[in-house]
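Undergrad: structure, please.
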Amino acid sequence: MSDGAKMPCSLLLLLVVGQSWFITGQLYEYHYIEQSKSWSAAQKYCRDKYTDLATISNMTDLDRLKESAKNRQESAWIGLHSLNNANPTWHWSLPGLEFNESETNWNKNEPNNVGGNENCGGIRKDLEWLDLSCNEKRYFVCYDEGKTERFIFFHQQRTWSEAQSYCRKKHTDLASGPEQLNDTKLQDQLRDKNDVFIGLFRDTWSWSDGSSFSFRRWNNLADITMREDRCAVMKEDGEWETDNCNENKPFFCYDDKVILVQENLTWEDALYYCRENHRDLVSITDLNDQRWVQERVKNATTEFVWTGLRYTCTLDFWFWVGGEVVTYHNVDSGEKGDHCDMSGAMQRAGKHKWFKINDMQEFNFLCSEW
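TA: Below is the predicted model of the structure:
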């Protein structure tokens, strides 16, 4: 197919079947290293041997990390650190949501950080936002993904971290993001309440690999804004604490299986490139995969990035070329119809939706090692 001729759908399907013996794997894997090193030495080790110190994007990752070191008896470094000259930035608690300053609804006098300790977000009965001390006890509202009743107002007061833990254990997370907070049913619940915790917080922490993931699992929020260089450890129970970065501890690394190729190819040429140099074009089978892949897409040089999603005219359905069934969907709502010669590409910016695009266009693309 080097002459650029169109690939018949039947031939493409044979290529997919030929790949189906591969066992589907995670897009990244964790490694527990028992050697004791400082945080910076651990970072160097992980970058030399794998990809970087462990990045954790959600509770699923946290469980996988705990599973990789079942019998450890001490805390271990992860890839989160804070520099004393860093500026605090706001984040949403719900994984995958990125905070956008242009979509806020702060009261005109907020955030004001009274006492220098207001690092968690709340919502007033007039539906405007304010910053609050994370260690005060407030009512809060949880979000339940996929349920008919998506919002649950909790009638007992908790600190922000206690509220977050409760919501993640019983539901999905604290209510987060403008789309949720603008829901009319939720707003009706909040109109007679005052200063209710929502899934908004700020800190000075960043991931070693530069990822923008906002997931945090602090045991205590009281010390996370200390004005000195600090690094994060995960305790045996999965909760996080801060510690002196020069302490020697075991650590977690991760190995990334997603490769962004910053070369512009048609979808078909990208498919062959991945199969010759890696394993395949990447498949996205759930929300966890989506969150991980979209972090890599942010570094693309084209507006869209090819994935392994393909439409077959012959059988009239969409499929992943790695052989996985399309069960998770993130197609842009404006995309209508199924047409021949179409493949799936992820948007580099915005909400990283999937678009159906003629496969002769040339974009960057994502390969997987699994």
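
Undergrad: for burial, what's the neighbour tally of the nearest residue to residue 303 once chain neighbours are set aside?
TA: Spatial nearest neighbour of residue 303, excluding adjacent residues (Cβ to Cβ, 6 or more residues apart in numbering): residue 348 at 5.7 Å. The way it works is simple: take the backbone N, C-alpha and C, and place the C-beta from them, glycine included. Neighbour count for residue 348, taken as other Cβ atoms under 10 Å: 18.

Undergrad: who does residue 347 bridge with?
TA: For residue 347, the beta-bridge partners under DSSP bridges are residue 304.

Undergrad: do I have it right that it meets residue 302?
TA: No. Between residue 347 and residue 302 there is no contact under Cβ atoms under 8 Å: 10.4 Å.

Undergrad: shaky segments in this structure?
TA: Filtered on pLDDT under 70, the chain yields the residue ranges 1-25, 221-227, 334-338.

Undergrad: for the closest residue to residue 329 other than its chain neighbours, name its beta-bridge partners.
TA: Leaving aside its chain neighbours, residue 329 sits nearest to residue 354 (7.8 Å; criterion: Cβ to Cβ, 6+ apart). For residue 354, the beta-bridge partners are residue 331, residue 346 (DSSP bridges).

Undergrad: how far away is residue 354 from residue 330?
TA: Taking Cβ to Cβ, to the nearest Å as the measure, residue 354 and residue 330 are separated by 5 Å.

Undergrad: which one's more surrounded, these two?
TA: residue 354 (20 against 17).

Undergrad: who are the contact partners of that one?
TA: 307, 309, 329, 330, 331, 332, 335, 344, 345, 346, 347 (Cβ atoms under 8 Å, 6 or more residues apart in numbering).

Undergrad: so where does residue 275 fall, helix or strand?
TA: helix 267-277 (DSSP states H and E).

Undergrad: list the buried residues of stretch 165-175.
TA: By 16 or more other Cβ atoms under 10 Å, the buried positions in stretch 165-175 come out as 165, 166, 167, 168, 171, 172, 173, 174, 175.

Undergrad: mind checking which of those are in helices?
TA: Counting by DSSP state H, the part of those found in helices is 165, 166, 167, 168.

Undergrad: which one of those is nearest residue 191?
TA: Distance to residue 191 across those (Cβ to Cβ) is lowest for residue 167, with 21.0 Å.

Undergrad: distance of the closest one from residue 321?
TA: 37 Å.

Undergrad: with residue 88 instead?
TA: 43 Å.

Undergrad: those two: which is more packed in?
TA: residue 321 (24 against 16).

Undergrad: count of residues packed around the closest residue to that one other than its chain neighbours?
TA: In space, and not counting its chain neighbours, residue 321 is closest to residue 308: 4.3 Å by Cβ to Cβ, 6+ apart. By the measure other Cβ under 10 Å, the count of residues near residue 308 is 27.

Undergrad: cool, the one 10 residues further on as well?
TA: Burial of residue 318, expressed as a neighbour count using other Cβ under 10 Å, amounts to 18.

Undergrad: that one is in what secondary structure piece?
TA: strand 317-320.

Undergrad: mind giving me the packing neighbours of that strand?
TA: When contacts are defined as 3 or more Cβ pairs under 8 Å, 6 or more residues apart in numbering; DSSP states H and E, strand 317-320 packs onto strand 304-312.

Undergrad: sorry, back to before: give me the residues contacting the very next helix or strand once past the helix holding residue 275.
TA: Next along the chain after helix 267-277, taking DSSP H and E as the criterion, comes strand 280-281. Here strand 280-281 makes contact (Cβ under 8 Å, 6+ apart) with 19, 22, 270-271, 274, 306-308, 321-322, 365-368.

Undergrad: check contacts around the closest residue to residue 135 other than its chain neighbours.
TA: Distances taken as Cβ to Cβ, 6+ apart place residue 159 nearest to residue 135, at 5.3 Å, with adjacent residues excluded. Going by Cβ under 8 Å, 6+ apart, residue 159 touches 134, 135, 136, 137, 221.

Undergrad: please redo it, this time with the cut-off set to 10 Å
TA: 120, 133-138, 140, 165, 197, 220-222 (Cβ atoms under 10 Å, 6 or more residues apart in numbering).

Undergrad: mind listing the helices for the stretch 201-350 of the chain?
TA: 267-277, 287-297 (DSSP state H, counting those that start in this stretch).
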